[in-house]
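Q: One predicted model, sequence on top.
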Amino acid sequence: MQGIRDRVLVTGGAGFIGSHLCDRLIEAGHEVICVDNFYSSDKTNIQHLLGNPRFELIRHDVTFPLYLEVDRIYHLACPASPIHYQRDPVQTTKTAVHGSINMLGLAKRTGARILLASTSEVYGDPTVHPQTEDYWGNVNPIGPRACYDEGKRAAETLFFDYRRQHQLDIKVVRIFNTYGPRMHPQDGRVVSNFIVSALTGKPLTIYGDGSQTRSFCYVDDLVNGLMKMMESGDDVQGPINLGNPGEFTIAELAREVIAAVGEDPGIDYFPLPQDDPMQRQPDITRAREILGWEPKVPLADGLRPTIDQLRGRVAEAAQGR
Ligand SMILES: NC(=O)c1ccc[n+]([C@@H]2O[C@H](COP(=O)([O-])OP(=O)(O)OC[C@H]3O[C@@H](n4cnc5c(N)ncnc54)[C@H](O)[C@@H]3O)[C@@H](O)[C@H]2O)c1
């Protein structure tokens, strides 16, 4: 919808990815309604938008129905890091399932197009490498990560059933590890963990021997992908993987962070947590072919602004702000 002003709802809009998406939608001239209950965020990420006449913030828990008039819904509301989603696993499943039902209900009533921010975690500990979208996954349904993994799988099911049953205009993307400024400094995710450790002079923590691999997508690239998916043709529903196929071992990431921060506090090794996947790498053929999207920002370039922003947060925390 280039050039047309839409009323766009971003659930989870105060979070890490959601706040960058709100910025980009405002820049593109849209009206943005950000809905968030601040379960894993606060107003910091969207403070700069609060005075903008095209930006509106609503404190609301998506597990309860919401009545608004909107053209587009980006449904991101859900705690995303294990520390956050395991704090209240029942609420996590409720957010994934009831939250999706409520937002799909809103899309049904308004005729809005709706995009689900699903996750690579739907692949669980994959037996196929790299992961293509037609791989059904290897998920433990009763483990400590299940509230998130199975919650998102159920959310995907709901999206496709609302499509089949009610002809909703749905889009589903599976996001792989994303990093960038405004990550929560204490979210326990590997990139922010390593950076905060290096900035505070504490040894970096590696679970296992560091040979497990991850791919890291810079948030600006990811947001481009989300917006391209939202404006893709009517025949495109997904799921489509969005992530950076460049694969790094955790040990390599540790070395990159130490080099970029310029401090080497050493590394401590701990046993691997339960159900931690050994390999994770997106196959983004569909995103390339269908959306004309691929990530552009190399890890070393994305780490710099991420470190700068976290340096600020760490300094504020040290001053008790
Ligand atoms: N960051 C990643 O690497 C990654 C990877 C895969 C998928 N995702 C998905 O992208 C989305 C955004 O992730 P993020 O990294 O920005 O996480 P985040 O925790 O920073 O943002 C999630 C936001 O949702 C809000 N929220 C949680 N429960 C809610 C509820 N019941 N009602 C309203 N708001 C609620 C939180 O307060 C937070 O602001 C999530 O759906 C996540 O599953 C993220």
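A: Perfect, thanks for sending it. All of these numbers come straight from a predicted model, not from anything done at the bench. Numbers count the residues shown, from 1 in each chain.
Q: Could you use CA atoms for every contact and neighbour count after this?
A: Noted.
Q: got the contact list for the closest residue to Val314 other than its chain neighbours?
A: Spatial nearest neighbour of Val314, chain neighbours left out: Val196 (7.3 Å); criterion: CA to CA, 6 or more residues apart in numbering. Each residue near Val196 by CA atoms under 8 Å, 6 or more residues apart in numbering is listed here: 185, 310-311, 314.
Q: Quickly name whichever of those is closest to the ligand.
A: When the contacts of Val196 are compared for distance to the ligand (CA to the nearest ligand atom), Pro185 wins out at 10.4 Å.
Q: Tell me how many other residues surround the closest one.
A: Using other CA atoms under 10 Å, Pro185 has 19 other residues around it.
Q: Could you check what's spatially nearest to it, not counting adjacent residues?
A: Among residues not flanking Pro185 along the chain, Ser192 sits closest, at 5.8 Å (CA to CA, 6+ apart).
Q: cool, Lys228 as well?
A: Excluding its sequence neighbours, the residue lying closest to Lys228 (CA to CA, 6+ apart) is Leu291, at 6.2 Å.
Q: The one you found and the ligand: what is the separation?
A: Note on Leu291: its distance to the ligand, by CA to the nearest ligand atom, to the nearest Å, is 19 Å.
Q: Surely that residue touches Glu231?
A: No. Assessed by CA atoms under 8 Å, Leu291 is found out of contact with Glu231, at 9.2 Å.
Q: between the two, who's got more neighbours?
A: Using other CA under 10 Å as the criterion, Leu291 and Glu231 rank with Leu291 on top: 20 against 16.
Q: For the contacts of Val196, please prepare CSV with the additional fields pLDDT.
A: Formatted as CSV, the contacts of Val196 follow (pLDDT from 0 to 100):
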residue, pLDDT
Pro185, 86
Leu310, 94
Arg311, 93
Val314, 86
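Q: Most widely separated two among those?
A: Greatest spacing in these, by CA to CA: Pro185 and Arg311 (9.7 Å).
Q: which residues of the chain fall in helices?
A: With DSSP state H as the criterion, the chain has helices at 16-27, 82-85, 89-110, 146-166, 190-200, 219-230, 250-261, 285-286, 299-318.
Q: Could you dump those helices into JSON lines with distance to the ligand added?
A: Shown next, in JSON lines, are the helices of the chain (distance: least, CA to the nearest ligand atom, whole Å):
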{"stretch": "helix 16-27", "distance to the ligand": "4"}
{"stretch": "helix 82-85", "distance to the ligand": "7"}
{"stretch": "helix 89-110", "distance to the ligand": "5"}
{"stretch": "helix 146-166", "distance to the ligand": "8"}
{"stretch": "helix 190-200", "distance to the ligand": "10"}
{"stretch": "helix 219-230", "distance to the ligand": "8"}
{"stretch": "helix 250-261", "distance to the ligand": "15"}
{"stretch": "helix 285-286", "distance to the ligand": "17"}
{"stretch": "helix 299-318", "distance to the ligand": "13"}
